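Student: missing the sequence, but the structure's below:
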């Protein structure tokens, strides 16, 4: 009997061991199943089988199970993380804003539960306390992952074309377009030849609408996001409000563009990822969509249409008089409005690019006005 018991226990322990033989991989920018499979020396199908509920388009910072060599992972096994109840392990490139949205809790509550965040910020692998009565927002289930192959398209810039229009046509973001073509960050000269990596499907769709000045060839696989419809931009009769078609899509892209800079340090006079001041962040965010803003926060407060705080919406500019000053000296962009609370992205002297709230006493006292610059 003892011999049989030992055999049974050994079998069970080996079974558990085999199911734990996997590698957790955090998705980085530009990765897809093919790239990840090559990195670990496994077949894409093995990754698909191990992650049946993963989304079609891989999400940045999400986690996939990667089979080890000569090991099999149960197809419906859940993705394991190192979180214990009431805590969250910080992943690469995660922000307080992203974590707060995941657990449906405010950034302020996270800071109260984790006082060191105020002085030390987030660190990869750090276990932070999640306030009680919060539940992580679950992702919707999707079908099997779709493996895509990219092509490279060579495009000559035509008169009156904008970065936003070209990026939309090929299904990438303006930031990706500039990353692939660094020399166009300042402007977009007519006749300049761009090299654009996108999926073959999007390239074929764009080819029917483009000029003959393009060549398509296969290149390394990668994954790109879909951008919103091209905005039509014009000023009204008072030359203060920018009127755009597809307003909500453009606003969403502005929010994404600004919040991608969270964690960038504050730099007086800065307008690049090397460092931003408050008005510099707004200039950089809007100029990516060919919308030019004045240089200073006080000048930016004079454009658009002044509205009440109760009327604030995503994409509006929000202004403050900080440090007891009598004129506007700080600006941010509204990213969320709920129950009388306005959350805004801005570049703070003390924390760099971050998300703050008008519920915070400092900004509640310093609040001055909200301006709508897009209609």
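Tutor: That came through fine. Treat the numbers as computed from the prediction; the structure is a model and nothing was measured.

Student: got the contact list for the nearest residue to residue 181 once chain neighbours are set aside?
Tutor: Distances taken as Cβ to Cβ, 6 or more residues apart in numbering place residue 194 nearest to residue 181, at 5.1 Å, with adjacent residues excluded. Using the backbone N, CA and C atoms, a C-beta is placed for each residue, glycine as well. The contact partners of residue 194, taken as Cβ atoms under 8 Å, 6 or more residues apart in numbering, are 154-157, 166, 177, 180-181, 184.

Student: same thing but at 7 Å, please
Tutor: 155, 157, 166, 181 (Cβ atoms under 7 Å, 6 or more residues apart in numbering).

Student: now do residue 275
Tutor: By Cβ under 7 Å, 6+ apart, the contact set of residue 275 is 264-267.

Student: one more time with 8 Å, if that's ok
Tutor: Applying Cβ under 8 Å, 6+ apart as the definition, the contact partners of residue 275 turn out to be 264-267, 352.

Student: Which pLDDT value belongs to it?
Tutor: pLDDT recorded at residue 275 is 94.

Student: beta partners of it?
Tutor: Beta-bridge partners recorded for residue 275 (DSSP bridges): residue 272.

Student: Distance of it relative to residue 340?
Tutor: 33 Å (Cβ to Cβ, to the nearest Å).

Student: Let's have the contacts of residue 275 in TSV, adding distance to residue 286.
Tutor: Shown next, in TSV, are the contacts of residue 275 (distance: Cβ to Cβ, whole Å):
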residue	distance to residue 286
264	16
265	21
266	19
267	18
352	19
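
Student: Only whichever of those residues are buried, select them in PyMOL.
Tutor: Typed into PyMOL, the line below selects the buried ones among those, using 16 or more other Cβ atoms under 10 Å:
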select buried, resi 264+266+267+352
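
Student: Closest to residue 253 out of the contacts of residue 275?
Tutor: Lowest distance from residue 253 to those (Cβ to Cβ) belongs to residue 264, with 18.4 Å.

Student: From residue 280, how far off is that closest one?
Tutor: From residue 264 over to residue 280 the distance is 10 Å, taken as Cβ to Cβ.

Student: Common neighbours of these two, please.
Tutor: Both residue 264 and residue 280 are in contact with residue 347, where contact means Cβ under 8 Å, 6+ apart.

Student: Show me what residue 333 is bridged to.
Tutor: Going by DSSP bridges, residue 333 is paired in beta bridges with residue 317, residue 345.

Student: That one and residue 255 touch, don't they?
Tutor: Yes. Here residue 333 reaches residue 255: they are 7.3 Å apart, a contact under Cβ atoms under 8 Å.

Student: what about the two, which has more around it?
Tutor: Neighbours were tallied for residue 333 and for residue 255 using other Cβ atoms under 10 Å; the higher tally belongs to residue 333 (24 against 18).

Student: Next, work out how far apart that one and residue 26 are.
Tutor: Counting by Cβ to Cβ, the gap between residue 333 and residue 26 amounts to 29 Å.

Student: re earlier: mutual contacts of residue 333 and residue 255, please.
Tutor: Contacts common to residue 333 and residue 255, judged by Cβ under 8 Å, 6+ apart, are 315, 345.

Student: In PyMOL, how would I select just the buried ones from the contacts of residue 194?
Tutor: Applying 16+ other Cβ under 10 Å to the contacts of residue 194, the buried members can be selected in PyMOL as follows:
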select buried, resi 155+157+166+181
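
Student: Pick out whichever of the contacts of residue 194 sits closest to residue 313.
Tutor: For these, the minimum distance to residue 313 (Cβ to Cβ) is 27.9 Å, reached by residue 166.

Student: Give me the nearest residue to the closest one, chain neighbours excluded.
Tutor: The shortest distance from residue 166 to any residue other than its chain neighbours is 6.4 Å, reached at residue 177 (Cβ to Cβ, 6+ apart).
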